[in-house]
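1. next one to model:
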Amino acid sequence: MGDVLSQAEIDNLLQAISSGEIDADDIKEDAGKNVKEYDFKRPAKFSKEHLRTLEIIFEHYGRLLSTNYPVYLRKNVQVSVVNSEALTFSEFTNSLSNPVILGVVNFLPLNGNIMIELSATLGFAMIDRLLGGQGDPLEKNREFSEIELSLVEKMVAVSVSLLREPWKNVVEDLNPVLERVETNPQFAQIIAPTEMIAIVTLNIKIGEVEGLMNVCLPYFTLESIMDKLNTKFWFSTMQDNSDESYMEHMEDLIKHVQIPIMAVLGESSITVTDFVNLQVGDIIRLDSRVAQDMDIYVGNIKKFKALPGSTKEQYAVRVTEVIREEE
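-> Numbering: from 1, shown residues only. Model (predicted):
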């Protein structure tokens, strides 16, 4: 009630205006300075607190991308959050190039869809790495072929699957599903053009190639959880065993990594002349016996001893001893 004038203050103000001590026009100008224009076409549905919380979520998401992408791309990947902002959906789509990679994601159990936009430069670099290349981008962008699009869709699906972990403090049973991948922005109209969205931009560096990933989050989709998108709620719901969960996730990834195993029957030394003249049926004498255990190498490390044999008409070995690291 501090802004309400008393009767004495009102009388003094009227007297000052009548005597000319205060100009009424100056009062109007001062009063006008406190008026803030409101654009009804761009309602402020996302506060700075909401955007900051989204940045925290996607900083976690970026760490997951940087540890999972190298499994497929076999190259160091660095991911960082650049910024977050609120704008209309039409402003976002009008800024997109053609072709572009747009993953439309059903953000179950929330209403509606979100969208992941990946720059064509990153898309072609990923394709080059998946096909055994150096990961160089194209000098000039072009349309994606069907085979290239299927490879890109695989990487977008990996990106979508990683959304569950960062969002679990806000939506515990989140189950995002990739519905489709579009390369033309006109075919990815998930909401009305005037609807407000939050955009979180991530910078992805694959080797020497850099590009942006934009995650489009419509207000319509996040409306039911907006109260949870604040830092106070976020930190209050963080689990104490977050480090343990991260370690378990890393251990699970490591368990699925393929490694070469080599069984060495024996060794022998021959001359180059003998090697060049080898024919079918020739016998090479090894330095081991038939009943002697073979060395089994995991990568370049001798890890097991085993006996040779067969199973289902294929060569096999039966492990007889495990060589410990200290041995």
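2. going forward, measure contacts between C-alpha atoms and count neighbours the same way
-> Fine.
3. just give the number of residues close to residue 107.
-> Per other C-alpha atoms under 10 Å, the neighbour tally for residue 107 reads 22.
4. same deal with residue 86?
-> When neighbours are counted by other C-alpha under 10 Å, residue 86 registers 24.
5. repeat that for residue 55.
-> Look at residue 55: counted by other C-alpha under 10 Å, it has 21 neighbours.
6. are we agreed that it is in a helix?
-> Yes - read with DSSP: H, G, I helix; E, B strand; the rest coil, residue 55 is one of the residues of a helix.
7. show me what contacts it?
-> Listed by C-alpha atoms under 8 Å, 6 or more residues apart in numbering, the contact partners of residue 55 are 81, 83-84, 200.
8. does the residue lying closest to residue 81 once chain neighbours are set aside count as helix, strand or coil?
-> Distances taken as C-alpha to C-alpha, 6 or more residues apart in numbering place residue 202 nearest to residue 81, at 4.3 Å, with adjacent residues excluded. Following three-state DSSP, residue 202 is assigned to strand.
9. can you give me the helices in the stretch 151-300 of the chain?
-> Assigned by DSSP state H, counting those that start in this stretch, the helices in the stretch 151-300 of the chain fall at 164-167, 219-222, 231-237, 242-255, 272-276.
10. and the contacts of the first one?
-> Helix 164-167 has contacts (C-alpha under 8 Å, 6+ apart) with 57-58, 60-61, 174-176.
11. which of the contacts of residue 55 tops the neighbour count?
-> Using other C-alpha under 10 Å as the neighbour test, those are led by residue 200, with 23 neighbours.
12. quick one on the thing from earlier: quick check: ChimeraX command selecting the buried ones in the contacts of helix 164-167.
-> The following ChimeraX line selects those of the contacts of helix 164-167 that are buried, judged by 16 or more other C-alpha atoms under 10 Å:
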select :57,58,60,61,174,176
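13. so what's the residue nearest to residue 81 up against?
-> Counting by C-alpha under 8 Å, 6+ apart, residue 202 touches 62, 79-83, 212-214.
14. any chance of those in JSON lines, plus distance to residue 190?
-> Listed next are the contacts of residue 202 as JSON lines, based on distance: C-alpha to C-alpha, whole Å:
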{"residue": "62", "distance to residue 190": "24"}
{"residue": "79", "distance to residue 190": "26"}
{"residue": "80", "distance to residue 190": "26"}
{"residue": "81", "distance to residue 190": "24"}
{"residue": "82", "distance to residue 190": "24"}
{"residue": "83", "distance to residue 190": "23"}
{"residue": "212", "distance to residue 190": "21"}
{"residue": "213", "distance to residue 190": "18"}
{"residue": "214", "distance to residue 190": "15"}
